[in-house]
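> the sequence and its predicted three-dimensional model are supplied below.
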Amino acid sequence: MKRILHLSDLHFGRDRPELLAPLIDTINGSKADVVALSGDLTQRARHSQFRAARAFIDRIELPIIVVPGNHDIPLHRPFLRMFKPFSRYRHWIDRDLEPQIVTDHVGIFGLNTVTRWSWQRGRMTGHATRRLCRVFGDGDEDRINVIVAHHPFRHPPGSSKDGMIGAENALEKLSECGAHILLSGHLHSWWTEPYKTNSGHSNILQIHAGTGLSTRLRDQDNDFAILDIDGRDLRVERWVALPETERFVHRLTTDFTLGETGWQRTGGKTYSVAN
């Protein structure tokens, strides 16, 4: 497993139907080994929206790993949110909220950061951190460990949303125990940047995709990411929907390498791709 397609924030119920077929065709033609979908499949966790999300997933011809987002638990149904927050997600998408796909060279580990108590912010618990560190420790030390979560552990400058509860402590520990890449969504904006911990290392690279289908664009294009992993080298591609053609095209490439002090951009390898 060397190629991962990272997709997020479909928001069925607030989606763009004209992009549905182009997105599916692009995904199926990507030659990815796995698709990682980091939450917010729906806008309001309604059965009709989950039904549409399920139909979308069923049209994808590649292995897929999915985790829930905060929009995938009910907002306006407080009893359901408190006592059965993931019942609809489990019925339509997957009973496992933290699935994983692991090979000798790459491991992809689902992480559920959604909490009924803080609907938008999300939470990272000590138990979740310890679980991930255990599974990282069970693998080969040369394996690249990828976490798929809905909420980012840090927000880019200028973000107006509150950060995830418990994220900073978790970042330090995950950086020490073997996490390498974090795929996230939630903010509907593209951002790819190494996390710098208190130790000065940048062992975890955040790849934050925007929204694949939603109309809530926040001054950015609909997009997704493709990751090509070759040992300690990583190429990240941004694919965006062109408004004039309603198709997805490769727009930006950034290369990274994982060294002794963590992830570094490879000099001169960030570039845009023409239409």
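Looks like it came in fine. Residues are numbered from 1 along each chain as shown.

> which residue ranges form the helices in this structure?
Chain-ordered helices for the chain, with DSSP state H as the definition, fall at 20-28, 47-58, 78-83, 87-92, 126-137, 167-177.

> next, the buried residues of the lengthiest strand in the chain.
The single longest strand within the chain, with elements called by DSSP state E, is strand 247-259. Buried residues in strand 247-259, counted by 16 or more other Cβ atoms under 10 Å: 247-248, 251-256, 258. (C-beta placed from N, C-alpha, C; glycine too.)

> same check on stretch 82-93?
Of all the residues in stretch 82-93, those buried under the rule 16+ other Cβ under 10 Å are 85-86, 88-89, 92-93.

> endpoint to endpoint, it covers what distance?
Taking Cα to Cα, to the nearest Å, the span from the opening residue of stretch 82-93 to its closing residue is 20 Å.

> quick one: stretch 222-235 to chain centroid distance?
With Cα atoms, centre = their mean, to the nearest Å as the basis, the distance from the averaged C-alpha position of stretch 222-235 to the chain average is 12 Å.

> for stretch 101-117, same thing?
Distance, centroid of stretch 101-117 to centroid of chain: 10 Å (Cα atoms, centre = their mean).

> let's test this: mean pLDDT of that stretch, rounded?
The predicted model gives stretch 101-117 an average pLDDT of 93.

> quick one: end-to-end distance for it.
Across stretch 101-117, the terminal residues are separated by 29 Å (Cα to Cα).

> buried residues in that stretch?
Counting neighbours by 16+ other Cβ under 10 Å, one finds that the buried residues in stretch 101-117 are 101, 106-116.

> just flag the most distant two among the residues you listed.
Taking Cβ to Cβ, the two most distant members of the buried residues of stretch 101-117 are Val106 and Arg116; they sit 32.0 Å apart.

> give me the neighbour count for Asp219.
For Asp219, the number of neighbouring residues by other Cβ atoms under 10 Å comes to 6.
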